[in-house]
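K.L.:
All I have is the shape, not the residue letters:
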Ligand SMILES: Nc1ncnc2c1ncn2[C@@H]1O[C@H](COP(=O)(O)OP(=O)(O)OP(=O)(O)O)[C@@H](O)[C@H]1O
């Protein structure tokens, strides 16, 4: 998947958060969107995933030479973010089954492989609402990693993870971002060390 932004801007009320973003995201690269708190990283990510419309400019999606309509882009991506919630009333088992009714497993992945990655086999029937914040974050990331989509978008991927959890994330993100347009919003270097392209949102103020 390639995404081409032409003169993209977004404002809330009268305040422009960023403007004049001309940028191409290429499916072979791994991108970090950088900037301090409140600079507009999540806002740009939400424009990229189609959940927020830009106030100016155009966005184009291209997959295997075909144009993808903006309102269809969501079907091509997996995402994990602090503001995307799991279904608290589901058990772990139910959550995984539910998620993979809408997305396919990546090649080589299945329910058992997901459980192995999560390392939560003792919690299969535990309700999500009783998971710790770190366990929830691991689950969000695992669902995104293991879905067969050409785009992977991660906002603050190590939020709520301890040192061991950060190492777990780093070992998986390397593997699951191969051959996939990967975009990480972050202001913590350890989260995006695997990226090879960097977009600093403060360049578009
Ligand atoms: N729905 C909204 N209405 C009004 N202002 C908003 C809205 N969403 C975001 N903003 C503002 O846009 C700016 C950018 O917010 P955004 O969440 O994109 O920043 P960020 O770089 O992701 O921050 P952080 O690193 O803290 O997550 C902030 O000033 C925020 O208050």
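P.N.:
Right, received. Where do you want to start? Please read all numbers here as calculations on a predicted model, not as lab measurements. Numbering: from 1, shown residues only.

K.L.:
What is the end-to-end distance of stretch 197-205?
P.N.:
In stretch 197-205, first residue to last residue: 19 Å (Cα to Cα, to the nearest Å).

K.L.:
can you check stretch 36-56 too?
P.N.:
Stretch 36-56 has an end-to-end distance of 23 Å (Cα to Cα).

K.L.:
Give the buried residues for it.
P.N.:
Going by neighbour count (16 or more other Cβ atoms under 10 Å), the buried part of stretch 36-56 is 39-50, 54. (Each C-beta comes from the backbone N, C-alpha and C, glycine too.)

K.L.:
for stretch 56-73, same thing?
P.N.:
For stretch 56-73, the buried set under the neighbour-count rule, 16+ other Cβ under 10 Å, comprises 57, 59, 61, 63, 68, 73.

K.L.:
Surely the third one is within a strand?
P.N.:
I take that to be residue 61. Yes. According to DSSP: H, G, I helix; E, B strand; the rest coil, residue 61 belongs to a strand.

K.L.:
Could you check the pLDDT of the nearest residue to it once chain neighbours are set aside?
P.N.:
Leaving aside its chain neighbours, residue 61 sits nearest to residue 68 (3.9 Å; criterion: Cβ to Cβ, 6 or more residues apart in numbering). pLDDT recorded at residue 68 is 95.

K.L.:
still on that earlier bit, among the buried residues of stretch 36-56, which are within reach of the ligand?
P.N.:
Among these, the residues that sit close to the ligand (Cβ under 6 Å from any ligand atom) are 39, 40, 41, 42, 43.

K.L.:
and residue 198, how far is that from the ligand?
P.N.:
As judged by Cβ to the nearest ligand atom, to the nearest Å, residue 198 and the ligand stand 14 Å apart.
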